[in-house]
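Sharing a model that was predicted from the sequence below.
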Amino acid sequence: MKIIIVGTGYVGLVTGACFSEIGVDVTCVDVDTRKIENIKKGIIPIYEPGLEEMVARNYKAGRLSFTTDLKSCLNNANIVFSAVGTPPDEDGGADLSYVLDVARTVGAHMNKYILMVTKSTVPVGTAVKVKDVIRREQEKRGVNIDFDVASNPEFLKEGNAINDFMRPDRVVVGVDSPRAEKLMTRLYKPFMINKYRLIITDIPSAEMIKYAANSMLATRISFMNDIANLCELVGADVNMVRKGIGSDERIGSRFLYAGCGYGGSCFPKDVKALIKTAEEHGYDMQILKAVESVNHRQKEVLFQKLMKAFNGRIEGKTIAMWGLAFKPETDDMREAPALILIDKILRAGGKIKVYDPIAMDECRRRVGDKVEYARSIYEAAIDADALLIVTEWKEFRVPDWIQIKKTMSNPLILDGRNIYDIDELQENGFEYHCIGR
């Protein structure tokens, strides 16, 4: 089987690499010539554990190729996956311009049956638009070539994407023809050997499943952050509360960790897009609006704690930050709480020293020289008046507190991820504040 993946961003590159790993002939397409040439040289545009090695291995084996010319490879493929970006519009909706551009190219140059699969996260009804675009392009050419459109949303967790793809807990495929169902079932069968987890739905349901899943997870995070803030006011411990409700089988324990807000490429964008889709159909998503509001507020919690600790004045203070990425095992800083903190601290006159194991270059790209970049957690803490824990990287878990206390100007730690023990920090002479405890 031969497939094309259009878009070599996070979803497209992981998808292409993983399909080629099981022996599928994959061509990845992107309009960015420099990106394509770099990938051929082994320079991967994103950080994802194991991805660089997988791309190199399959490129060398000839199962994975890269090009900027979709037209040249279009008619050798059985399936075309659209994995291009769907950034939010100013009104919060998803920008489908790149998705529809792919559909135009397919419609304008296809000469045989093709299954067009939307892998990007798109609003309900996008498949209809894609189908219409392909038909219009065929009409311009005076041809009527059979094709199908399908929806195959991705459920990849950054930092664990390869494992998620190779050992999925489910694969959702939305189709409207037996031929499309047969092709997609054949493609995913190698991943289903141990347990059949392929869910076949109609196309609108598949499109909705992705948004509903991410919105539910975002809701759980914001709910626990709201509970955590109340715990602080009433003297409860959010970790105890999490264990208590997480042991209920109806609730479960995942995504119940309080912190300083969620970020990344999916949750913020998808919540906004689902709210916008509802508005377009005359419906008010009140719960998701609250989820979004709580998350915006939560990203400012560490800054509020910092200001309270210094009686509202941090001019001239040096603030160390451990963690920049929105989560561990990625360099992704999209919608990251760290960006909000950096902006607010700088506006308040503070100085910032940052350290992250992976996301330093991404921070330089976004923030420039407004902050000082440290080479380790220990260098970041030198002469700091406060230390903020923003991302829960493993290497932050057991630092040498004695060394850190000796080098800090003021032993204040504000833990936005609740990864430390209160008693241990206090025994080592630190003033320690976290979320919901």
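Structure received.

Thr27 in helix, strand or coil?
Local secondary structure at Thr27 is given as strand here, using DSSP: H, G, I helix; E, B strand; the rest coil.

how close does it get to Lys60?
Summarising the geometry, the distance separating Thr27 from Lys60, computed by CB to CB, to the nearest Å, is 16 Å. Using the backbone N, CA and C atoms, a C-beta is placed for each residue, glycine as well.

If you count surrounding residues, which of those two has more?
In this view Thr27 and Lys60 are compared by other CB atoms under 10 Å, and Thr27 has more residues nearby, 23 against 10.

can you pull the contacts of that one?
Contact analysis of Thr27 by CB atoms under 8 Å, 6 or more residues apart in numbering lists 2-5, 65-67, 73, 77.

And for Ile287?
The neighbourhood of Ile287, defined by CB under 8 Å, 6+ apart, consists of Thr219.

Asp202 too?
174-176.

same thing with Pro123?
With contacts defined as CB under 8 Å, 6+ apart, Pro123 is in contact with 93-94, 96, 207, 211, 273-274, 276-277.

Of the residues you listed, just say which sits nearest to Asn160.
Tyr211 (20.9 Å; CB to CB).

how deep is the closest one tucked in, by neighbour count?
Residue crowding around Tyr211 was assessed by other CB under 10 Å; the count is 24.

tell me which element the closest residue to it other than its chain neighbours falls in.
The spatial neighbour of Tyr211 that comes closest, neighbours along the chain excluded (CB to CB, 6 or more residues apart in numbering), is Leu274 at 4.4 Å. Taking DSSP states H and E as the criterion, Leu274 maps to helix 267-280.

Keeping just the C-alphas, turn that helix into CSV.
What follows is helix 267-280, C-alpha atoms only, in CSV (Å, rounded to 0.1, in the frame of the first residue of the first chain):
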residue,chain,number,x,y,z
PHE,A,267,-6.5,21.6,24.3
PRO,A,268,-6.7,25.4,24.1
LYS,A,269,-7.3,25.4,20.3
ASP,A,270,-9.8,22.6,20.3
VAL,A,271,-11.9,24.0,23.2
LYS,A,272,-12.1,27.3,21.4
ALA,A,273,-13.0,25.6,18.1
LEU,A,274,-15.8,23.5,19.7
ILE,A,275,-17.2,26.6,21.4
LYS,A,276,-17.2,28.4,18.0
THR,A,277,-18.8,25.4,16.2
ALA,A,278,-21.6,25.5,18.8
GLU,A,279,-22.1,29.2,18.3
GLU,A,280,-22.4,28.7,14.6
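
Show me the shaky parts of the stretch 301-437 of the chain.
Applying pLDDT under 70 to the stretch 301-437 of the chain flags no residue at all.

Report the secondary structure state of the closest residue to Lys299 other than its chain neighbours.
In this structure, Lys299 finds its nearest non-sequential neighbour in Gly261, 3.8 Å apart by CB to CB, 6+ apart. When the structure is reduced to helix, strand and coil (three-state DSSP), Gly261 reads as coil.

surely Gly261 meets Phe303?
No: assessed by CB atoms under 8 Å, Gly261 is found out of contact with Phe303, at 11.2 Å.

Between those two, which has more neighbouring residues?
For Gly261 versus Phe303, the count of surrounding residues by other CB under 10 Å is larger for Gly261: 27 against 24.

Can you pull the phi/psi pair for the more buried one?
The phi and psi torsions at Gly261 (degrees, to the nearest 10) take the values phi 100, psi 150.

do Val55 as well
For Val55, the backbone dihedrals (degrees, to the nearest 10) come out as phi -60, psi -50.

ok but Met321 is inside a strand, no?
Yes: for Met321, which was evaluated using three-state DSSP, the result is membership in a strand.
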